[in-house]
Structure formats: C-alpha cells, structure tokens
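> Sequence first, then the predicted structure, then my questions.
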Amino acid sequence: MVEKSNSTVMKGNYIKYLLLCFLQLALLSCVKETPENPAVESANTILYSVTVSQSPLTRVALSGSEFADGCHYVFESGDKLYVEYRDAGTLKLYGVLTLISGAGTGTGRFEGELKCLDDFVPEDNTLLNATVVGANAAEGFFNFGNPTNDPAVDPGSIVTGVTYPSSVSYAPLPEMVQKYSYFTGTSTYDAKNFNNLTQQSVFLLFKLANFRRNGLADKVNLLLKNGTSTLHTVTEVPIGKSSYYGNVNCSTAVQAGDVLAGAKIQLDDNLEDSNVPMEFEQGLSNVLNLEANHYYSVSRILDSFRIKATVSGTTMTFRYTDGSIEYSEDKGETWYTYTGKTFNLSAGDDVWFRGNRTDCNCIGSYQLFTADQVCYIAGDITSLIGYKSTLPTNAFRSAFSYGDLSDTDAEGKEKNLPFSPGTVDWVDIDPNDPLILPASTAAYCYMEMFSGCTNLKSAPDLLATVLEDKCYLRMFLNCSKLKSIPTFASDVTMSGTSSRRRYCFQMFQGCIGINRLDGSLFEETTELKANCFEDMFANCTGLTSVSAGFLPSTRLAAHCYRGMFQNTAITSAPDLLAGKLYSNCYRYMFNACKSLEYIKCYSTTNVTNDSYTQNWLQNAKSTGTFHYRDGTTWYRNNQHGIPNGWIPVADPVQ
C-alpha cells in the first residue's frame, strides 16, 4: 500500500472544491433561466413563461363595422392568462399567469406557475387552452370554482365560465370592450407562444335619435327586450338634448351566439316605441345568431315627416306657424322653429318636419301643406304630434285634402254617390320611401286624409290593430290614380258598440285605377260592426277581380257590407261564408254590377224577403250562377234574392 503525500491529498481536495463551485454556478444559472426554459420546480408546480402575440381577432379589430373609438390596444394592466389542460374532461394542469410586460401593445409577456394534478407531467406537445381574464374578473364577469372537487385545487384560480351582464351602467364602447372582452386560444406546452387568441364577446353599439323626450330628464335607461322579458339593460345613459327631442348613444356586451330574434328597443316608460324592432346598420336582420368577435351597430332613428320635391321650381308651405313645428333642410342635422317660411325646392330637395302639436286637424278647406308641383310625402307622420303611439280624435283628418263632406251624403240614396268638393294634385307617395302611419287609430283620425288627391299612386300601409269610429272614412275617395289598396293589419279589432261604426265608409269610392283585390281584407275571426265596410269600393269602375277569400269574416253585423262593391265591373263575388245574417248586411252590395255572374253564399239563415239583401243585385247582370247551402231557403227576386235568370245550385256544406 502506497501512502499519498499530504500535498497530493490537498491538491485532490482543492480540485473537488473547484468542481463543486462550478456545479453550483451551473445550477444557479439553470434556475435563473427557468421562465424561458421551464423545469419542474417541485412535484406539482412548473414555472412557466409565455408570449401572447397580437392576433387579427383581438380588442383592436372587431369585425362588422369600423372600430375607431380609441380602442387601440390589445393587453392592459391587470390582464391575466388562465391556462389549463384536460384529459377526457378531467382537469390535469392549470395556472394563472400575470402580465409582466406589453400593456397597451399587441404583444404581452405572461409569467406564473402551472400546477399539475394527480402527478401529471406534460409532454412537449400537450395542447394547452388559454383564456385571457381581464381586470374585471374580480367583478364577477368570470366565474371561478373547483370543478374537480379536488381539495388541492385553488377555487379562486379555476375559470369555470363567463357571465355576461344583464344590466350595466352607462359606459362608452371603448370602456365596454376593455371591461368585457373575453379571449380564448390554444398552444402546445413547448411552443410558449399563444398567437391565436380569439375574441368571444359581442358588442352592441346603440345609436338612437329623434325620440320624444319625457320632461326634463337628462338620463334614460335602455332596455333590450324580447316580449316581456328584458334581455339587457344599460342604465343612466345621458340624453343628448335638442328641443323636445333626445339622442342616445350607448353600448353593451352580450354572449356570442345570443339569438335576438324579435328583440325590441325600449327607453324607460316607452319613450321609444318598443313595438319597433332593432335595425342593424350592417343591413342584418334582427333574427340572427350573433357571431363572436363582432361589433354590431344598432340604430333607431325615429323618422321625421318629409316632403320631397319631384321637379325644380316647387314652392311649398306648412299651415301652422304657432311655434309647435320645427323643420330641417339638412336631413335632420339642424332644426329651426317654423314661422311661415315658403320653401323653394329643386328636384330631389326635401324638408323634414317634427313637432309637439296636440293634433293636425285640418277639417274644412285648409290643408296641412300646400305645394304647386307634385311632391312625395314620406316618413313618420306622427312626428308632427310628438310621435304619439295613440292618436287623438281628428289627428290627421283631411290633412292633404279639402275634405269635410257630410256624413249623410249617401243616406238612403246609394245610387247618388258623393264626390269630394275639390281635388289636390300635388300629393304622391314613393313606394320605396313610404309614408308611415304607425300609431293606433282614433275616431276620425285619418278621415278624408287623401280625399281627391288625383296624383296619389301609392297608399301607406294601415297597421293599426284597433279601429275606431270613421277612422278610414273616405280616406282615399276619388284617388283616381291609386292602383292598389294598402296593407291592413291582419288581426284587427273593431271597437265600439254604437249603431253605426263606419270605419271604412266610402274609403276607396271612385278609385277607378284599382282593378283587382287579392288576399283577405281581415282575418276570419274579425268581428264586424254595423256599417263597417259600407260603400267601401263603390264606383271603382275599373275593379274586375276580387279573390274568393277576400271577405273571410264569419261574424257579421247590420249593414256591414252595404253597397260595398256597387257599380264595379267584377265578374265573381268573393265567397260569402258567414252563417248568420243580420239586418241589411248585404244591402246594395252588388248594385249595378253589370258583369257579375257568380255568387257563392252559404248562409244558414233562410232568405225569404229583403231583410238582409235589399237591392243587393239591383241592375246586375240578368244571368249567372248562384251557389247556396243545401237545406236553406232562398227566394227568387231580381233585386232582393236570386235573380230569376240565374241558375241556383244547392251545395252540401260540412
């Protein structure tokens, strides 16, 4: 055995000491680089660092509209990146990483710890899921919990879902995007770079204008409703003031995929008509699934009444100069009180009007407007009375005519039909920019509104669902160029119980340009009232065709169809399927219809005299075919029953 010298031993110990120091330095160097080269710190925790790069689908670029409201950032202070891995739905790895650099830019650096469960160790290609959790997480936008019921899991660090606000306080869109953005993405464990985060939130920007203000309130609550259910509410929204009218701009965030079919906008106590649906500026229907990463502009600009010149050199004036009407010559940007100005218009020029009148009653020889050339009238006529949803009596009676005919002009002398005392040749409606009559009706509200308007070729839709006495009486009397009747609301209630409810009395009388009536006038279940359709199409000498189902109502009333088609050129009557008849319900109905040769009347009431059909076929064609219900009795009479020259046919009816 050879003994080593002391010097040799000391030399060997020194070399060991140097090797140990070198190893310690190497280990320190590895720990320092851990965020860049993650290693297992303990059996269950991994230090992890990752870069999240700007993606086309971020806070900066929401698709669906331009995004120029100052949101020029991707990451902000307080953002956190929640990372997890699940195996067949079981949570195996999770962690919350903190933004350490890149706030206000498109590239953020996140660092933190990933915790492994059940001794799971990730491989390089393990697919991680990431969610950006914003600073708003503490306010409950993100839900936290412990879906595995593992006591080792921190319930404050597991994102279990997102809850979108049903009610938010007013905030500009940039603030809403900051607060309620929700991004998701994937990356492999070894990539350390999430570059495909995708926005999952949807933002609605509401632009509402020209609604009638309620008192002096300077704030309003906006409600997005579906039926009676409120989907979203934005509270304390400032109202932009303009005389009697207001403007609102606000925003909200909703879940991608939300269905807004049939949704309506309402401002507090119906300051905005909740029966009018949303209008997306992108031209989308309100029946859609909202797509993630979209910004939708929703506009509701209440339409003002407008008059548009069709030829140059047109002069136009408005009747009222009492300070209750405002006008705009720059399409609603600037408004002035109307004091009697005469407008000199070139072709295509239009003037907008709105007001706060109680009504625009023009009974007598006064018209609401006058013009010396043909002009189009358009927009919401209720803007002249503050967009009232329920009209006052006489609201727009004779508005564009001379009107004021006696109600008794045709009493007892149906063959001497009245004519208007004067004509108006400047009024027309462009079907591509129609006049809007959105309000429910009131007594006399549209009576003789267009009577004698000889250049009117298109009629506004009549959408009121409750009819009041004489609401449409002589509305289009002698509008000789009118080609078709307007669209009526299908489900209509005829209000009132008095002996005469002449809603449509002589409504289209003398409209010789109407040649056919298609579809159904109202629904089968509509309960008619006395005199409701009296003389409605009388003297429409160009009318040759009426659909069989035009009069489906089975609940008649006294005089309800009296004189309805007299002196027209129809060849076949609409089917008359009502069972029970009432006094004079068909009186004069087809008087002087010299081309009529077919009638189907399935009454269950025996017709043995003229109680129901007095003069209904007076001066009609001498030959034709008459179908009636088998088992009922009809008497033969040229004027009051089945004409002697007609062939009666008894039909078995179920």
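Alright, I've got the coordinates. Remember, predicted model here, so these are calculated numbers, not experimental data.

> Buried residues in stretch 548-565, which are they?
550-553, 555-565 (16 or more other Cβ atoms under 10 Å). (Each C-beta comes from the backbone N, C-alpha and C, glycine too.)

> what about Lys115, which SS state?
strand (DSSP: H, G, I helix; E, B strand; the rest coil).

> Show me which of the buried residues of stretch 548-565 is closest to Gly496.
Ala557 (10.9 Å; Cβ to Cβ).

> now the closest one: how far from Tyr586?
Distance of Ala557 to Tyr586, computed by Cβ to Cβ, to the nearest Å: 12 Å.

> Just confirm Thr613 contacts His640, I think it does.
Yes - the pair Thr613 / His640 is scored as a contact, 5.3 Å apart, by Cβ atoms under 8 Å.

> Quick check on those two: which one has the bigger neighbour count.
Per other Cβ atoms under 10 Å, whichever of Thr613 and His640 has more neighbours is Thr613, with 26 against 21.

> Report the spatially closest residue to that one, excluding sequence-adjacent ones.
Leaving aside its sequence neighbours, Thr613 sits nearest to Tyr586 (Cβ to Cβ, 6 or more residues apart in numbering; 4.7 Å).

> show me what contacts the one you found?
Tyr561, Arg562, Leu576, Tyr612, Thr613, Trp616 (Cβ atoms under 8 Å, 6 or more residues apart in numbering).

> State the pLDDT value of it.
According to the prediction, Tyr586 has pLDDT 98.

> State the three-state secondary structure for it.
coil.

> Could you report the separation of it from Thr605?
Tyr586 is 11 Å from Thr605, by Cβ to Cβ.

> Please apply the same query to Trp616.
For Trp616, the distance to Thr605 - Cβ to Cβ - is 14 Å.

> do Thr487 as well
With Cβ to Cβ as the criterion, Thr487 and Thr605 are 32 Å apart.

> For Arg109, name its beta-bridge partners.
Counting by DSSP bridges, Arg109 is bridged to Thr51, Ser101.

> which ones are touching it?
Applying Cβ under 8 Å, 6+ apart, the residues near Arg109 are Ser49, Val50, Thr51, Val52, Leu99, Ile100, Ser101, Gly102.

> Which among these count as buried?
The neighbour count (16+ other Cβ under 10 Å) marks Ser49, Val50, Thr51, Val52, Leu99, Gly102 as buried among these.

> of all those residues, which comes closest to Leu435?
For the buried ones among the contacts of Arg109, the nearest to Leu435 is Val52 (55.2 Å; Cβ to Cβ).

> Return the residues in contact with the closest one.
Counted by Cβ under 8 Å, 6+ apart, Val52 has contacts 75, 81, 102, 107-110, 130, 132, 185, 193-195, 197.

> Kindly report the same for Phe522.
Phe488, Ser490, Val492, Pro552, Ser553.

> Reformat these into a markdown table and put pLDDT, distance to Leu260 and secondary structure next to each item.
Putting the contacts of Phe522 into a markdown table (pLDDT from 0 to 100; distance: Cβ to Cβ, whole Å; DSSP: H, G, I helix; E, B strand; the rest coil) gives the following:
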| residue | pLDDT | distance to Leu260 | secondary structure |
| --- | --- | --- | --- |
| Phe488 | 92 | 28 | strand |
| Ser490 | 79 | 24 | coil |
| Val492 | 91 | 28 | coil |
| Pro552 | 95 | 34 | coil |
| Ser553 | 93 | 36 | coil |
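
> and which of these is nearest to Gly156?
Ser490 (56.6 Å).

> how near is the nearest residue to the closest one once chain neighbours are set aside to Lys388?
Distances taken as Cβ to Cβ, 6+ apart put Glu523 closest to Ser490, at 5.5 Å, once the chain neighbours are dropped. Using Cβ to Cβ, Glu523 is found at 27 Å from Lys388.

> which one of these two has more residues nearby?
A direct count of neighbours by other Cβ under 10 Å for Glu523 and Lys388 places Lys388 higher, at 20 against 12.

> Okay, strands next: where are they in the stretch 1-150 of the chain?
45-52, 80-87, 90-101, 108-116, 127-133, 142-144 (DSSP state E, counting those that start in this stretch).

> Between those strands, which one is closest to Gly313.
So among the strands of the stretch 1-150 of the chain, strand 127-133 is nearest, using Cβ to Cβ, at 63.1 Å.

> Just the angle for the closest one relative to strand 45-52, thanks.
Taking axes from the mean of the first three to the mean of the last three Cα atoms, to 10 degrees, one finds that strand 127-133 is oriented at 70 degrees with respect to strand 45-52.

> What pairs with strand 127-133, parallel or antiparallel?
By DSSP bridges, strand 127-133 pairs with strand 80-87 (antiparallel), strand 183-188 (antiparallel).

> buried sites along the shortest one?
Read that as strand 183-188. Those would be Phe183, Thr184, Gly185, Ser187, for strand 183-188 by 16+ other Cβ under 10 Å.

> still on that earlier bit, pretty sure the residue nearest to Ser490 is touching Val492, no?
Yes - counting by Cβ under 8 Å, Glu523 touches Val492, with 7.3 Å between them.

> Now the terminal residues of stretch 307-317, how far apart.
End-to-end span of stretch 307-317 (Cα to Cα, to the nearest Å): 10 Å.

> Now do the helix or strand hosting Ala209: distance to the chain's middle.
Applying DSSP states H and E as the criterion places Ala209 in strand 201-212. The chain centroid and the centroid of strand 201-212 are separated by 13 Å under Cα atoms, centre = their mean, to the nearest Å.

> on contacts alone, who are the packing partners of it?
Applying 3 or more Cβ pairs under 8 Å, 6 or more residues apart in numbering; DSSP states H and E, we find strand 201-212 packed against helix 173-180, strand 219-226, strand 245-255, strand 264-267, strand 294-301.

> Ok, which of the ones you listed comes nearest His627?
So among the helices and strands packed on strand 201-212, strand 264-267 is nearest, using Cβ to Cβ, at 46.4 Å.

> Beyond the closest one, next helix or strand please.
Per DSSP H and E, the helix or strand that comes after strand 264-267 is strand 279-280.

> Would you give the sheet partners of that following strand, along with the direction of each?
strand 294-301 (antiparallel).

> mind listing what's buried in the strand it pairs with?
His294, Tyr295, Tyr296, Ser297, Val298, Arg300.

> What ranges does the stretch 401-550 of the chain have for its strands?
Under DSSP E, counting those that start in this stretch, the stretch 401-550 of the chain gives strands at 427-428, 435-436, 466-467, 493-494, 516-517, 545-546.

> wait, which of these is closest to His232?
strand 435-436 (27.1 Å).

> Just checking: what are the partner strands of that closest one?
strand 375-380 (parallel).

> Pull the distance from the strand it pairs with to the chain's centre.
Counting by Cα atoms, centre = their mean, strand 375-380 is centred 21 Å from the centre of its parent chain.

> by how many degrees do that strand and strand 201-212 diverge?
120 degrees.

> Not counting strand 375-380 itself, show me its contacts.
In contact with strand 375-380 (Cβ under 8 Å, 6+ apart) are residues 302-310, 314, 316, 345, 350, 352, 369, 387, 400, 426-430, 433-436, 438.

> what's the closest of the contacts of Arg109 to Thr454?
Using Cβ to Cβ, the contacts of Arg109 come closest to Thr454 at Val52, 70.8 Å.

> Can you tell me how far the closest one is from Tyr82?
12 Å.

> Need the residues touching each of these two.
With Cβ under 8 Å, 6+ apart as the test, Val52 and Tyr82 both reach Ala130, Val132.

> now the helices for the stretch 251-400 of the chain?
Assigned by DSSP state H, counting those that start in this stretch, the helices in the stretch 251-400 of the chain number zero.

> where does it dip in pLDDT?
Counting by pLDDT under 70, the stretch 251-400 of the chain contains low-confidence ranges at 270, 272-278, 281-289, 293, 364-365.

> try 80
257-263, 269-297, 299-302, 333, 361-366, 387, 389 (pLDDT under 80).

> next one: the stretch 451-600 of the chain
Ranges of the stretch 451-600 of the chain meeting pLDDT under 80: 490, 496-498.
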